[in-house]
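**Q** Okay, here's the prediction I keep looking at, along with the sequence it came from:
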Amino acid sequence: MTAEYVIIGSGSAGSALAYRLGAAGAQVVVIEAGGTDAGPFIQMPAALSYPMNMRRYDWGFQSEPEAHLGGRKLATPRGRVIGGSSSINGMVYVRGHAKDYDSWEAMGAQGWGFADVLPYFKRMESWHSDEGDADWRGSDGPLHITRGPRDNPLFDAFIEAGRQAGYPVTRDYNGRAQEGFGPMEATIWKGQRWSAANAYLKPALKWPNVQIYHGFARRVVIEGSRAVGVEVARGGKVEVIRASREVIVAASSINTPKILMLSGIGPAAHLAEHGIKVVADRPGVGANLQDHLELYLQFGASQPITLFKYWNLWGKALIGAQWLFTGRGLGASNQFEACAFIRSKAGVEYPDIQYHFLPLAVRYDGKIAAVGHGFQAHAGPMRSKSRGAVTLRSANPKDAPVIRFNYMSEASDWEDFRACIRLTREIFGQDAFKPYVKGEIQPGIGLQSDDQLDGFIRDHAESAYHPCGTARMGRRDDLMAVVDPECRVIGVDALRVADSSIFPQVTNGNLNGPSIMVGEKAADHILGKGMLARSNQEPWVNPDWRETQR
């Protein structure tokens, strides 16, 4: 099999690439190790905790024991299904802050500043709301973005509590002003998960020039210094799918560095340890691993208005049946319908703490800390200085890579998490929550000192599932850069990377939106098209950020 472009991975960026390259008339083959996304576990938004805990849809990765988290191994879900992680994620849509992308550009990603990427966010969006910044949003893109009904009074209580605590209320955190409390947005459309597969891949597969090949990508085939295809295993056989123009790796920030290293691209000494011939000595492959950690800060509810009333077999069956037959009801929402982005202290220029509010006290894996009505805020710092790495376990493509995040290895991480807990307690102590708060479930009011809070953080911090940065973008003379600003792998011809691996720094919030944007923009680089015209819109930054925390 031969195509002009061979894409490894049908996830957030890979699906967008397939759509844009296919729309331009190119012959495209997408290699995907997973299978179909059909069925309610993926398509029903409220069932979001199921697919990321099912090996049918998830690679099942875990970190190595994390030294600063008591030796715990943390789950690192990555989608193994069409749509990739966009088919198993929480469907929250966040562009990130404008300053994130300006930081990228300052780190060597020329042409990836906010003014450059905003037009691509607009191109990919079909935004549906009457209460945001319409001139900052897109209206006819493949990706539908909606807001939940917020018909539980706890959502409005959360936003009002933020206002009472002195924070701004933002009408659109994906618009002019991210900072503040407001409604949360989701990739949900007509009651269904609107994954990259639904938005991009399935429409593209209707064209004769775009195909999907279900198989396990083992490595990129390189002849001389040029990528010419991909070695794929399927049904007990190994074959090569050849690319006459380019190979694009869009396999996730975990699998992408693994595939590059198995192909001979990576730190020379590490490749030599595993007997792999070095094609390009790029020490940045697998390095710079970043993620967001978060805590579930939970409170008991004094009124029976939370989702706990449905947290039983009969309640879940009712929600599922209503969604299955009507596409409506609680099953049509991810239940993350209110959020906030705030700054941890004065002197922080733009938000470095994110909140997801949920009217239920439960973990992603479905476990509850206490039986009864409750609600929670997922709170976490956005810009940890800790860095980890993805490395090879062996030269066998079947072996999972070694994942070490090195979580909480910087003193500032502990300071930021303590701030999260104390600021959250203040927010839930506002008058807006007095009719609803029964008491603090966790951390528990008895934990107050720095040492006590650090113990809770060590035992309870969980990944928000936003790994990135393991093939970072930068200048071609930057020894730690893996790709240049056109996503070309440095040292190898006809090979690019386009997924969250290329992020120089993690963005402010959930990564599905920025990953899709990377696919959109990379497609224009690949096609040799001129970039979309830069935006001249100016985002809002609190003018008093040096002096005040809010």
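**A** Nice, I can see it.

**Q** use CA for all of it now, contacts and neighbours both
**A** Fine.

**Q** how about the helices in the stretch 251-400 of the chain?
**A** 252-262, 268-273, 313-326 (DSSP state H, counting those that start in this stretch).

**Q** quick one, which of those is packed in tightest?
**A** helix 252-262 (a mean of 26; mean count of other Cα atoms under 10 Å).

**Q** just checking, what packs against that one?
**A** Counting contacts by 3 or more Cα pairs under 8 Å, 6 or more residues apart in numbering; DSSP states H and E, helix 252-262 is packed against strand 216-223, strand 389-391.

**Q** Tell me which of those strands sits nearest to residue 38.
**A** Using Cα to Cα as the measure, strand 216-223 is the one of the helices and strands packed on helix 252-262 that comes nearest residue 38, at 20.2 Å.

**Q** Okay, buried residues for that closest one please.
**A** 216, 217, 218, 219, 220, 221, 222 (16 or more other Cα atoms under 10 Å).

**Q** Wait, the second one touches residue 234, no?
**A** No: the pair residue 217 / residue 234 is not scored as a contact, 9.1 Å apart, by Cα atoms under 8 Å.

**Q** Need the helices and strands packed on helix 252-262 in TSV (columns: mean pLDDT and distance to residue 24).
**A** As requested, those are exported to TSV (pLDDT from 0 to 100; distance: least, Cα to Cα, whole Å):
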stretch	mean pLDDT	distance to residue 24
strand 216-223	98	24
strand 389-391	98	35
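
**Q** can I get those strands in a markdown table with distance to residue 326?
**A** Below are these laid out as a markdown table (distance: least, Cα to Cα, whole Å):
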| stretch | distance to residue 326 |
| --- | --- |
| strand 216-223 | 37 |
| strand 389-391 | 44 |
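
**Q** wait, which of those strands is closest to residue 478?
**A** Comparing these by Cα to Cα, strand 389-391 comes nearest, at 18.1 Å.

**Q** Now tell me what touches the following helix or strand past that closest one from outside.
**A** Toward the C-terminus, strand 389-391 is succeeded by strand 402-404 as the next helix or strand (DSSP states H and E). With contacts defined as Cα atoms under 8 Å, 6 or more residues apart in numbering, strand 402-404 is touched by 62, 63, 64, 65, 66, 254, 388, 389, 390, 391, 392, 393.

**Q** What mean pLDDT does strand 402-404 get?
**A** The pLDDT scores in strand 402-404 average 98.

**Q** partners of it in the sheet?
**A** When pairing is defined by DSSP bridges, strand 402-404 lines up against strand 389-391 (antiparallel).

**Q** Would you mind listing the outside residues contacting the strand it pairs with?
**A** 254, 257-258, 286-289, 401-405, 470.

**Q** Just put these in JSON lines and tack on distance to residue 328.
**A** Compiled in JSON lines, the contacts of strand 389-391 are given as follows (distance: Cα to Cα, whole Å):
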{"residue": "254", "distance to residue 328": "35"}
{"residue": "257", "distance to residue 328": "40"}
{"residue": "258", "distance to residue 328": "41"}
{"residue": "286", "distance to residue 328": "42"}
{"residue": "287", "distance to residue 328": "44"}
{"residue": "288", "distance to residue 328": "42"}
{"residue": "289", "distance to residue 328": "39"}
{"residue": "401", "distance to residue 328": "40"}
{"residue": "402", "distance to residue 328": "42"}
{"residue": "403", "distance to residue 328": "39"}
{"residue": "404", "distance to residue 328": "41"}
{"residue": "405", "distance to residue 328": "39"}
{"residue": "470", "distance to residue 328": "39"}
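
**Q** Give the PyMOL command for selecting the buried subset of those.
**A** Buried residues among the contacts of strand 389-391 (16+ other Cα under 10 Å), as a PyMOL selection:
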select buried, resi 254+257+258+286+287+288+289+401+402+403+404+405+470
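
**Q** Closest to residue 102 out of the contacts of strand 389-391?
**A** Set against residue 102, the nearest of the contacts of strand 389-391 by Cα to Cα is residue 288 (18.4 Å).

**Q** Tell me who's in contact with that closest one.
**A** 387, 388, 389, 469, 470, 471, 472, 504.

**Q** and those residues, which are buried?
**A** When the contacts of residue 288 are checked for burial by 16+ other Cα under 10 Å, the buried set is 387, 388, 389, 469, 470, 471, 472, 504.

**Q** Now, these that are in strands?
**A** The strands, defined by DSSP state E, take in residue 389 from the buried ones among the contacts of residue 288.

**Q** wait, is residue 14 part of a strand?
**A** No: assessed with DSSP: H, G, I helix; E, B strand; the rest coil, residue 14 is helix; it does not lie in a strand.

**Q** my read: it touches residue 5, true?
**A** No: here residue 14 does not reach residue 5: they are 11.5 Å apart, not a contact under Cα under 8 Å.

**Q** Between the two, which is the more surrounded one?
**A** Comparing residue 14 with residue 5 by other Cα atoms under 10 Å, the one with more neighbours is residue 14, at 36 against 29.

**Q** so what's the closest residue to the more buried one other than its chain neighbours up against?
**A** Counting by Cα to Cα, 6 or more residues apart in numbering, residue 14 lies nearest to residue 250, which is 5.4 Å off, once chain neighbours are set aside. Counting by Cα under 8 Å, 6+ apart, residue 250 touches 7, 8, 9, 10, 11, 13, 14, 256, 497, 498, 499.

**Q** Please produce a PyMOL select command covering the buried subset of these.
**A** The PyMOL command for the buried members of the contacts of residue 250 (criterion: 16+ other Cα under 10 Å) is given here:
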select buried, resi 7+8+9+10+11+13+14+256+497+498+499
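
**Q** Out of the contacts of residue 250, which sit inside helices?
**A** Residues from these lying in helices, with DSSP state H as the criterion: 13, 14, 256.

**Q** want to throw those into TSV with pLDDT and distance to residue 318?
**A** Shown next, in TSV, are the ones in helices among the contacts of residue 250 (pLDDT from 0 to 100; distance: Cα to Cα, whole Å):
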residue	pLDDT	distance to residue 318
13	98	35
14	98	36
256	98	41
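
**Q** What is the nearest of those to residue 193?
**A** Among those, and counting by Cα to Cα, the member closest to residue 193 is residue 13, at 16.8 Å.

**Q** in its sheet, what does the longest strand belonging to the chain sit against?
**A** Looking across the chain with DSSP E, the single longest strand is strand 237-249. Strand pairing for strand 237-249, using DSSP bridges, gives strand 2-8 (parallel), strand 226-234 (antiparallel), strand 495-497 (parallel).

**Q** Look up how far residue 376 lies from the residue located most distally from the centre of the chain.
**A** Most distant residue from the mean C-alpha position of the chain: residue 224, 35.1 Å away (Cα atoms, centre = their mean). Per Cα to Cα, to the nearest Å, residue 224 is found 55 Å from residue 376.
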